[in-house]
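**Q** Got a predicted structure plus its sequence, pasted below:
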Amino acid sequence: MSGDGALTVAPPFPPEYRASGLLLHVTSLPSPYGVGDLGSPAFSWIDRLHDAGQRWWQALPLGPTGYGNSPYQPMSSFAGNALLISPDSLISDGLIQASDAQSHFLADAVDYDSVIPFKQRLLETAWANFKAGQRSARDITPAYDAFCARQAHWLEDYALFRALKEKYRGAYYLEWPAELVQRSPKALAEARRELASHIDQARFAQFLLFRQANRLKEHAHAMGVSLIGDLPFFVSPDSSDVWANPELFLLDEQHRPRFVAGVPPDYFSAQGQLWGNPVYNWDALHSTGYRWCIDRLRALLTHVDVIRLDHFRGFAAAWHVPAGAPTAESGQWVEGPGASFFQAVQTELGHLPFIAEDLGLITPDVQDLREQFRLPGMRVLQFAFDGHADNPYLPHNFVHNTVAYTGTHDNATTRQWYDELPDYQRQNFWSYLKRAPGTSADAAPELMRLAWSSPAALAIAPLQDLLNLGSEARMNVPGRADGNWRWRVRDDALSSEPFQWLQDLTESCNRSVGRATSVKTQVERGRASAQI
């Protein structure tokens, strides 16, 4: 139960439920330390959402990022991104001094080349102080020991993976010595002895991260705000997931992928898209009752209330491309786990707290799977104005159990979208709104009004659209290798005016906190709060 006495709602949404929220990744929060984190800026952000009548905060995946800093290519499905650890919280916990955290960073972009070593130095200092047995360390040692024991099923492999990554200067794990790739017990034991200090430090960073994330989740619930996380469907080829669980993926004898993920040729790409992720061995996963998959879901639900299932169509069928193929054209659809997966999850968790990312090439089997388990899908308004009345992204075609978005992290900001829209789609847009044509400055407010007034149970907009920002604020350009995931909001941009407008819009569209919490059919979910 949240602090205002309201029962928390999870999908599928009750018939009268109406609420709204904003999409903003944690790294995009303002902070003096070069990247957003789980400290006071995140607490203040939740307060802003609460004050503006918002019930939901959606973020991107929270895992540890590798090459390209993409949150959709994490090095683990279970670990968190140590960049999100708050230096202010380390100071208040007595693990570092304020002088240790002095820094000078860009305010409106993440400079990963500077931020990563800076955060690493802080964590090394915190670990040294913890090992030295300072009073603050003695206070948290029992909690640290309990955390390590409880999370050992993934933490041991991940901490060793990170230590080996450091030893081999970031090399892809398949380039490590063969006995480590093949996980020879003797080689692993020797590595654990040699790298014991690095392994311990990796464990400690995860303890700090989970501890701070738990505090933030408790604050969100006290303010009546629920958290939406994001789970990539596939895992990174260079991850502790694949290294530690090779039997769960279609790999050859050298542990190299036999097939990789992608999507087939379409209107946007004549050769399809080659993503390169290893694909699952669903027979092996099914034989375990999908244990690893369910553990993966539980790990994220420690930090969030609802999970956006990225590439939902993969549960029905995924595009498998032979490893080494130059394009995705030679792939084929391979059936996924389908209903048996969600039945197993339902049995284990007792509910299905998911939003299905059902964008792109969606076939009837994907729709049937989503509808069978009453999972809300996504409807992105930027896709709506092609001139066809049956376009599923037009609000008059929405069903209630839906999440409506102006755009997502992969889209242009709405202002940029409008600037680049063909003339006929601009005309369709204004015609649908039944108003005289406006300018690009009018596009984001109008698209938000359309989402908020729609029949969808939940309406979400990226913060960039609330602030009416242009191309300079785009988070990700799919297919572009560099320059993504860097945008940050400046603290001085979070003025009260746009949030007052948001509150007024939310109340006028019956999505205010009072409306969202008055539904008698709401049921309280079981929570997976971290036990730190």
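**A** Good, I have the coordinates.

**Q** number of nearby residues for Ile96?
**A** Around Ile96 there are 23 other residues, counting by other Cβ atoms under 10 Å. Bear in mind the C-beta positions are built from the backbone N, C-alpha and C, glycine included.

**Q** do the same with Asn129
**A** Neighbour tally, Asn129, other Cβ under 10 Å: 19.

**Q** Thought Leu90 was touching it, still the case?
**A** No: using Cβ atoms under 8 Å, Asn129 is not in contact with Leu90; the gap is 9.3 Å.

**Q** between those two, what contacts are shared?
**A** Both Asn129 and Leu90 are contacted by Ile96, under the criterion Cβ atoms under 8 Å, 6 or more residues apart in numbering.

**Q** Any regions of the stretch 151-300 of the chain where pLDDT drops low?
**A** Within the stretch 151-300 of the chain, the stretches with pLDDT under 70 are 267-268.

**Q** Just the helices from it, written as ranges.
**A** Using DSSP state H, counting those that start in this stretch, the helices of the stretch 151-300 of the chain run over 152-167, 178-181, 185-194, 196-222, 240-244, 282-287, 291-301.

**Q** Quick one: closest of these to Trp452.
**A** Closest approach to Trp452 among the helices of the stretch 151-300 of the chain is made by helix 196-222 (21.3 Å; Cβ to Cβ).

**Q** Quick one: list the elements packing against that closest one.
**A** Applying 3 or more Cβ pairs under 8 Å, 6 or more residues apart in numbering; DSSP states H and E, one finds that helix 196-222 makes contact with helix 40-51, helix 87-92, helix 112-131, helix 135-150, helix 152-167, strand 226-231.

**Q** Let me have the ones you listed in JSON lines, extended by distance to Tyr17.
**A** Below are the helices and strands packed on helix 196-222 laid out as JSON lines (distance: least, Cβ to Cβ, whole Å):
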{"stretch": "helix 40-51", "distance to Tyr17": "17"}
{"stretch": "helix 87-92", "distance to Tyr17": "34"}
{"stretch": "helix 112-131", "distance to Tyr17": "39"}
{"stretch": "helix 135-150", "distance to Tyr17": "34"}
{"stretch": "helix 152-167", "distance to Tyr17": "34"}
{"stretch": "strand 226-231", "distance to Tyr17": "12"}
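
**Q** what are the phi and psi angles of the nearest residue to Gly21 once chain neighbours are set aside?
**A** In space, Gly21 comes closest to Trp56 once its chain neighbours are excluded; the distance is 2.8 Å by Cβ to Cβ, 6 or more residues apart in numbering. Note on Trp56: backbone dihedrals following degrees, to the nearest 10 are phi -140, psi 140.

**Q** repeat for Pro74
**A** Here Pro74 shows phi and psi, under degrees, to the nearest 10, equal to phi -70, psi 160.

**Q** Tell me which residues touch Trp323, please.
**A** Wrong residue type there; residue 323 is Ala, not Trp. The neighbours of Ala323, taking Cβ under 8 Å, 6+ apart as the test, are 256-260.

**Q** Look at it and report its pLDDT.
**A** Per-residue confidence (pLDDT) for Ala323: 96.

**Q** Over to the one 3 residues further on?
**A** The model reports Pro326 with a pLDDT of 95.

**Q** quick one: it is in a helix?
**A** No: counting by DSSP: H, G, I helix; E, B strand; the rest coil, one finds Pro326 to be coil, located in no helix.

**Q** tally of neighbours for Pro41?
**A** By other Cβ under 10 Å, 21 other residues sit near Pro41.

**Q** so what pLDDT did it get?
**A** Here the pLDDT value assigned to Pro41 is 95.

**Q** ok, now which ones touch the residue sitting furthest away from the middle of the chain?
**A** Relative to the centre of the chain, the most outlying C-alpha is that of Ala436, 37.8 Å out, by Cα atoms, centre = their mean. By Cβ under 8 Å, 6+ apart, Ala436 lies in contact with Trp430.

**Q** which stretches of this structure form strands?
**A** Using DSSP state E, the strands of the chain run over residues 19-23, 56-58, 226-231, 259-263, 273-278, 306-309, 317-322, 332-335, 354-356, 377-380, 402-405, 458-462.

**Q** closest to Tyr33 out of those?
**A** strand 56-58 (20.4 Å).

**Q** how much space between the residue nearest to Trp154 when sequence neighbours are not counted and Cys293?
**A** Nearest residue to Trp154, sequence neighbours excluded (Cβ to Cβ, 6+ apart): Phe78, at 3.9 Å. From Phe78 across to Cys293, the span is 12 Å (Cβ to Cβ, to the nearest Å).

**Q** swap in Arg203?
**A** Look at Arg203 and Cys293: by Cβ to Cβ, they are 24 Å apart.

**Q** for Ala328, same thing?
**A** 25 Å.

**Q** Wait, Asp386 touches Gln427, no?
**A** No: counting by Cβ under 8 Å, Gln427 is not a contact partner of Asp386; they are 11.8 Å apart.

**Q** what residues are up against Ala101?
**A** 33, 87-88, 90-91, 122.

**Q** how about a cut-off of 7 Å?
**A** Residues in contact with Ala101 (Cβ atoms under 7 Å, 6 or more residues apart in numbering) are 33, 87, 91, 122.

**Q** State the distance from the first one to Leu231.
**A** From Tyr33 across to Leu231, the span is 27 Å (Cβ to Cβ).

**Q** These two: who's more crowded?
**A** Leu231 (24 against 21).

**Q** Identify the bridge partners of the more buried one.
**A** Beta-bridge pairing for Leu231 (DSSP bridges): Leu309.

**Q** ok, now which ones touch it?
**A** 61, 300, 307, 309-310.

**Q** mind putting the residues you listed in CSV, distance to Leu274 and neighbour count included?
**A** Converted to CSV, these look like this (distance: Cβ to Cβ, whole Å; neighbours: other Cβ atoms under 10 Å):
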residue, distance to Leu274, neighbour count
Pro61, 21, 22
Leu300, 27, 20
Ile307, 26, 21
Leu309, 22, 21
Asp310, 17, 18
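
**Q** Output these in a markdown table, with distance to Gln367 appended to each entry.
**A** As requested, these are exported to a markdown table (distance: Cβ to Cβ, whole Å):
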| residue | distance to Gln367 |
| --- | --- |
| Pro61 | 25 |
| Leu300 | 25 |
| Ile307 | 20 |
| Leu309 | 14 |
| Asp310 | 17 |
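
**Q** Can you give me the neighbour number for Asp113?
**A** Neighbourhood size, Asp113 [other Cβ under 10 Å]: 8.

**Q** From Ala101, how far off is it?
**A** Distance, Asp113 to Ala101, by Cβ to Cβ: 19 Å.

**Q** Likewise for Lys119?
**A** Distance, Lys119 to Ala101, by Cβ to Cβ: 10 Å.

**Q** Between the helices of the stretch 151-300 of the chain, which shows the greatest average number of neighbours?
**A** Mean neighbour count, computed with mean count of other Cβ atoms under 10 Å, is highest for helix 240-244 among the helices of the stretch 151-300 of the chain, reaching a mean of 23.

**Q** packing partners for that helix?
**A** In terms of contacts (3 or more Cβ pairs under 7 Å, 6 or more residues apart in numbering; DSSP states H and E), helix 240-244 is packed against helix 152-167.

**Q** Extract the C-alpha set from the helix it packs on and format it as CSV.
**A** The C-alpha trace of helix 152-167 is given here as CSV (Å, rounded to 0.1, in the frame of the first residue of the first chain):
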residue,chain,number,x,y,z
ALA,A,152,24.8,-15.8,-4.7
HIS,A,153,22.9,-17.6,-7.4
TRP,A,154,23.9,-14.8,-9.9
LEU,A,155,26.3,-12.6,-7.9
GLU,A,156,29.2,-15.1,-7.8
ASP,A,157,29.3,-15.6,-11.5
TYR,A,158,28.8,-11.9,-12.3
ALA,A,159,31.5,-10.7,-9.9
LEU,A,160,34.0,-13.1,-11.4
PHE,A,161,33.0,-12.1,-14.9
ARG,A,162,33.6,-8.4,-14.1
ALA,A,163,37.0,-9.2,-12.5
LEU,A,164,38.0,-11.3,-15.5
LYS,A,165,36.8,-8.5,-17.8
GLU,A,166,39.1,-6.1,-16.0
LYS,A,167,42.0,-8.5,-16.1
